[in-house]
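**Q** Sequence and predicted structure below; questions after.
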Amino acid sequence: MRRGAAYNPYRPTNYRKRDPTTVTVLTLSTSSAAALRADAVVVGVAKGAKSPVVAAGAEAVDKAFGGKLAAVLETLGATGAEGEVTKLPSASGLKAPVVLAVGLGEVPAKGDGYDAETLRRAAGVASRALSGSKKGAFALPIGSAADAGAVAEGALLGAYAYDKGNGNGKNAKDKKNNGPLAEVALVGTKPRDKEYKAAAERATALVAEVNRARDLINTPSNVLTPAVFAAEAVAAAKEHGLKTEVLDEKALKKGGYGGILGVGQGSDAPPRLVRIAYTHPKAEKTLALIGKGITYDSGGISLKPAGHNETMKCDMSGAAAVFATVVAAAKLGLRVNLTGWLALAENMPSGSATRPGDVLSMYGGKTVEVLNTDAEGRLVLADAITRAGEEKPDAIVDVATLTGAMVLALGNRTFGIMSNDEAFRTTLHEIAEEAGEQSWPMPLPSDLRKSIDSPVADLANMGERMGGGLVAGIFLKEFVADGITWGHLDIAGPAFNESGPFGYTPKGGTGSAVRTLVRLAERAADGDLG
Ligand code: BES
Ligand code: MN
Ligand code: ZN
C-alpha cells in the first residue's frame, strides 16, 4: 500500500533538524600536569615485572605523591592491565581534585613507546570514565606529535554520547546521561608546533565525522528514512562545499536502477541514491566509495525472525561511513577526488514488496533472481557499483553490513576485506591497521561462483550458504567494470556494538570503517596506494 504524499509520515519535511552534536573541545597545553585546572588529571599505569609502574607524562603528579604514586595505586589494587580505571583523590600541589589512572597493559620493550592503538584505547577508557565532567587533563605518555594525535583521537572517540533522544530534536540528557566529557586537554604538548597542531586538527575533524556516522546509525529507522538521510547529506554538502545529486524513486525508475528499487519497493519510505562528491583541483587520484544504506532491514518477505531484527537500524552503517569520510576529506582539504555513493532503501515486507523468485533488471542491464529478499544489501550495492564504474575511478571501495556469515567468521570487532586485486586487499588491511581498526583479508574462491547461477536470470542473489560472506563478495564482483580495482569491506560485525562499551568504542553505532576510509583517502592523496 502506498499512501498519498499528504499522509506520508516519512518525508524529510516531517523531520525536525536535530540539535548539533555535543562537541568535545580539544586543547594542547604546555602546562605541567600539576598546574592545569581540571576535574581530573589522567595518568597512565602499566604492568611492571612485579608491580604497576607509572608511565611517562605523569612525573609532576608522581612528585606530588612524593614519588610514591605507583605504590599508592598498587595499594588500591591497580595492576596496570588494559582497560583498568583507578580513581583517587589528589595530593596537595595538584590543581585537579582527582587523579584517574588508566591501565596501559605491558610496559613496551626498551626504547619503544606505546603503540598508537594502546594510547587511543587508554585515552578512550579515561574519557568514558569522565563522562559528565567539564575537563580532563591528559598526562599520558606523549613523546611525539603522532602520540598526541593518538591520545587525542582516543579521548575524543571515547567522549561520545548519543543524546538525540527520540532522534527528533528532543534531548535525552538526564541524570544518567550528562553528556560526554566537555574538554580534553593534552598536557605537556606543543600548541605552537606545526606537527602537533596538525595532529590535533586531524583528530578533531576525524572524530567529529566518526561521531556523525555514529549519530546516524543510532537514529531510529522511523526517523532516518532514505529521504531524510539524503536530506542530511545535502545539508552537510552545502556546509562543506561538496556537490550532491539525489536520485529519488522517479529518477531511479527512469535510470533503470532495478536493484535499489526492488529492495525499496515494499516500504512506504521510498529509496534514494545519493552521489556526494569532494574534489581537489590538484588531485591525481579519484576514489569511489559506496555505502550500503538500508535504513531498516526487516528481511522483506523473507522476514527475519524476532531476535534478529532489533538492531537492524544499523544496516545503513556503510552509507554513514562513506558520507562521513567524504565530509572528513573536505574538512582536511585532502588532495584527492572522492565520490561517495549512498545506496539508500528500507527493506520491508508488504503487498508491493519484491517476492522471492522475482527477477530484477539491474542498473546496466544484468538480471538477478531474488531467491531471498533478506540478501538485499548486494542488490542496492550492485546498482551503485555499476554506476560508479561508469566514471572510471582509480579504485572502488564498498562498505556494507552485508552478511551474518562474516560475523560468524570474524566476530564482533573485526571486518572482512575482499578484493579483485590481492595487492589492494593487502593495502586495505595495512591501512585499517594504521587507522586502529581490526580487519582481516578474506578470499573470493572461484568455486563458489557457480552457486549463484540462476536458471532464469544472469545471477541469483543467494548461493552456497557455507562461506556466505564470500558468496556475497563474489556477487558484488560481477558488477565491477573490467580493469577497475575494487575492495569490499564487510563490517556486519563491528558496525554496531550490542554489548557494553570498551576502549573508545561506545555501545550502539561505532562508526566502523570511517577511520580506515579516511586513511585510504590520505594515502591516495599522497599517491601511495601500495
Ligand atoms: N543486514 C544483514 C546482515 C547483518 C547481519 C548485518 C547481522 C549486521 C548483523 C543482511 O542484509 C542479511 O540479512 N544477510 C543475510 C544474507 C543471506 C540471506 C544470504 C544473512 O547474512 O543471513
Ligand atoms: Mn538482509
Ligand atoms: Zn541488510
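**A** Here it is on my side, so go on. Ligands and ions are numbered 1, 2, ... in the order given.
**Q** Report how many residues lie close to Phe424.
**A** When neighbours are counted by other Cβ atoms under 10 Å, Phe424 registers 18. For the C-beta atoms, the positions are set from N, CA and C on the backbone; glycine is no exception.
**Q** Surely it touches His488?
**A** No: using Cβ atoms under 8 Å, Phe424 makes no contact with His488, being 10.6 Å away.
**Q** secondary structure element for the closest residue to Glu249 other than its chain neighbours?
**A** Nearest residue to Glu249, sequence neighbours excluded (Cβ to Cβ, 6 or more residues apart in numbering): Pro270, at 4.1 Å. Using DSSP states H and E, Pro270 sits in no helix or strand.
**Q** and Pro270, how many neighbours does it have?
**A** Neighbour tally, Pro270, other Cβ under 10 Å: 22.
**Q** same check, this time on Phe502
**A** By the measure other Cβ under 10 Å, the count of residues near Phe502 is 16.
**Q** Skipping adjacent residues, who's closest to it in space?
**A** Using Cβ to Cβ, 6+ apart and skipping the chain neighbours, the partner closest in space to Phe502 is Gly83 (6.8 Å).
**Q** List the contacts of the closest residue to ligand 2 within the chain.
**A** Per Cβ to the ion, Asp374 is where the chain lies closest to ligand 2, at 3.8 Å. By Cβ atoms under 8 Å, 6 or more residues apart in numbering, the contact set of Asp374 is 297, 299-300, 302-304, 347.
**Q** Make CSV out of these and add pLDDT.
**A** Listed next are these as CSV, based on pLDDT from 0 to 100:
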residue, pLDDT
Asp297, 98
Gly299, 98
Gly300, 98
Ser302, 98
Leu303, 98
Lys304, 97
Asn347, 98
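**Q** Can I have the buried ones of the residues you listed as a ChimeraX selection?
**A** Buried residues among the contacts of Asp374 (16 or more other Cβ atoms under 10 Å), as a ChimeraX selection:
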select :297,299,300,302,304,347
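**Q** Could you list which of the contacts of Asp374 also contact ligand 1?
**A** Asp297 (Cβ under 6 Å from any ligand atom).
**Q** Out of the contacts of Asp374, list just those in strands.
**A** Judged by DSSP state E, the subset of the contacts of Asp374 located in strands is 297, 347.
**Q** Out of the contacts of Asp374, which is nearest to ligand 1?
**A** Asp297 (4.5 Å; Cβ to the nearest ligand atom).
**Q** Please list the residues of the protein that sit near ligand 2.
**A** Residues of the chain lying close to ligand 2 (Cβ under 5 Å from the ion) are 297, 374, 376.
**Q** where's the residue of the stretch 201-350 of the chain found nearest ligand 3 relative to Arg425, distance?
**A** Closest residue of the stretch 201-350 of the chain to ligand 3, Cβ to the ion: Asp297 (3.7 Å). To Arg425, Asp297 is 27 Å away according to Cβ to Cβ, to the nearest Å.
**Q** swap in Thr414?
**A** 15 Å.
**Q** what residue ranges in the chain score low on pLDDT?
**A** For the chain, applying pLDDT under 70 flags the ranges 1-22, 164-178, 530.
**Q** mind giving me the domain ranges of it?
**A** 25-207, 219-498+505-525 (automatic domain parsing).
**Q** Go through those and pick out the most buried.
**A** Comparing the domains of the chain by mean neighbour count (mean count of other Cβ atoms under 10 Å), domain 219-498+505-525 ranks first with a mean of 22.
**Q** in the sheet, who's paired with Val187?
**A** Note on Val187: beta-bridge partners by DSSP bridges are Ser29.
**Q** Could you double-check that it sits in contact with Lys135?
**A** No: with contact defined as Cβ under 8 Å, Val187 does not count as touching Lys135 (11.3 Å).
**Q** ok so, going back, the residue nearest to Phe502 and Thr505 touch, don't they?
**A** No: the pair Gly83 / Thr505 is not scored as a contact, 11.3 Å apart, by Cβ under 8 Å.
**Q** Could you look up the SS state of the closest residue to Arg387 other than its chain neighbours?
**A** In space, Arg387 comes closest to Tyr363 once its chain neighbours are excluded; the distance is 5.8 Å by Cβ to Cβ, 6+ apart. Secondary structure assignment for Tyr363 (DSSP: H, G, I helix; E, B strand; the rest coil): coil.
**Q** Okay, Tyr363 and ligand 3: tell me how far apart.
**A** Noted for Tyr363: a distance of 19 Å to ligand 3, by Cβ to the ion, to the nearest Å.
**Q** who's in contact with that residue?
**A** Tyr363 is in contact with 255-260, 382-383, 386-387, counting by Cβ under 8 Å, 6+ apart.
**Q** Same check on Pro501?
**A** Counted by Cβ under 8 Å, 6+ apart, Pro501 has contacts 128, 507.
**Q** That one and Ala101, how far apart?
**A** Here Pro501 is placed at a distance of 19 Å from Ala101 (Cβ to Cβ).
**Q** same question, Gly351
**A** With distances taken as Cβ to Cβ, Gly351 is found 60 Å from Ala101.
**Q** helices or strands next to the strand or helix carrying Thr426 in the packing?
**A** Here Thr426 sits within helix 422-435, counting by DSSP H and E. Packing contacts for helix 422-435, counted by 3 or more Cβ pairs under 8 Å, 6 or more residues apart in numbering; DSSP states H and E, involve strand 415-419, strand 439-441, strand 485-490, helix 514-525.
**Q** can you put the ones you listed in TSV and add distance to ligand 3?
**A** Formatted as TSV, the helices and strands packed on helix 422-435 follow (distance: least, Cβ to the ion, whole Å):
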stretch	distance to ligand 3
strand 415-419	15
strand 439-441	20
strand 485-490	11
helix 514-525	19
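**Q** Pop out the phi and psi values for Thr286.
**A** With angles defined as degrees, to the nearest 10, Thr286 sits at phi -130, psi 120.
**Q** So what pairs up with it in the strands?
**A** Partner residues in beta bridges with Thr286, using DSSP bridges, are Asn337.
**Q** Please look at it and Ala329 and confirm they touch.
**A** No: using Cβ under 8 Å, Thr286 is not in contact with Ala329; the gap is 11.8 Å.
**Q** Give me the common contacts of these two.
**A** 336, 338.
**Q** Show the subsequent helix or strand relative to the lengthiest helix in the chain.
**A** With secondary structure taken from DSSP state H, the chain has its longest helix at helix 194-218. Downstream of helix 194-218, the first helix or strand assigned by DSSP H and E is helix 226-240.
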